[in-house]
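Peer 1: just coords:
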């Protein structure tokens, strides 16, 4: 695309897309706008251009020359609309549900015992998956409980703690 003036003196199509459209002429949206201008489907409006250019060129008096100090084109300066408020309320509802689910998950991590479908004892709440052993296996582990506790105490420095 070239800088076409489209019967508007001093206003190129690329500058029109950048100022009025608020997009880069090399982006997909910018290229689409340039094509529409070129084939006459989208005439360039001098009043829109002048209004947008005035807003885009304004820099607050107290602002520095940083990129954040330059005012955005009107397309990006939209305030709170009904759609934005709906999105905001939906976001707040999702955050509330997320907190509720986190609290529910914390309650599930409580230590519980169950009998599995195959008749084994399952311990829930230690990790992601339950620890399941048959009765004889638990009896053997529990018979060595003092030995396991002593081993953990003796090796406390090299053992990692996982919450």
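Peer 2: Done, it's in. On a predicted model such as this, the values are computed, not experimentally measured, just so you know. Numbering: from 1, shown residues only.
Peer 1: neighbours around residue 161, how many?
Peer 2: 5 (other C-beta atoms under 10 Å). Just so you know, the C-beta spots here come from the backbone N, C-alpha and C atoms, and that holds for glycine as well.
Peer 1: Next: residue 97.
Peer 2: When neighbours are counted by other C-beta under 10 Å, residue 97 registers 10.
Peer 1: For this protein, just list every one of the strands.
Peer 2: 112-115, 121-124, 131-133 (DSSP state E).
Peer 1: what are the pairing partners of the first one, and which direction each?
Peer 2: Right, the one you point to is strand 112-115. Its sheet considered, strand 112-115 pairs with strand 121-124 (antiparallel) by DSSP bridges.
Peer 1: Name the residues of the strand it pairs with that are buried.
Peer 2: Residues of strand 121-124 classed as buried: 121-122, 124 (neighbour count, 16 or more other C-beta atoms under 10 Å).
Peer 1: ok so, going back, mind giving me TSV with the strands of the chain and columns for distance to residue 47 and mean pLDDT?
Peer 2: TSV is the format used below for those (distance: least, C-beta to C-beta, whole Å; pLDDT from 0 to 100):
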stretch	distance to residue 47	mean pLDDT
strand 112-115	71	92
strand 121-124	69	93
strand 131-133	73	96
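Peer 1: in the chain, which helix or strand is least confident?
Peer 2: helix 46-56 (a mean of 72; mean pLDDT, DSSP states H and E).
Peer 1: How far does it sit from its chain's centre?
Peer 2: Relative to the centre of its chain, helix 46-56 is centred 33 Å away, using C-alpha atoms, centre = their mean, to the nearest Å.
Peer 1: what residues go with each domain of the chain?
Peer 2: 13-76, 112-154 (automatic domain parsing).
Peer 1: Figure out which of these is closest to residue 98.
Peer 2: Closest to residue 98 of those is domain 112-154 (C-beta to C-beta; 19.4 Å).
Peer 1: Report the buried residues of stretch 127-142.
Peer 2: 130, 132.
Peer 1: how far does that stretch stretch from start to finish?
Peer 2: 20 Å (C-alpha to C-alpha, to the nearest Å).
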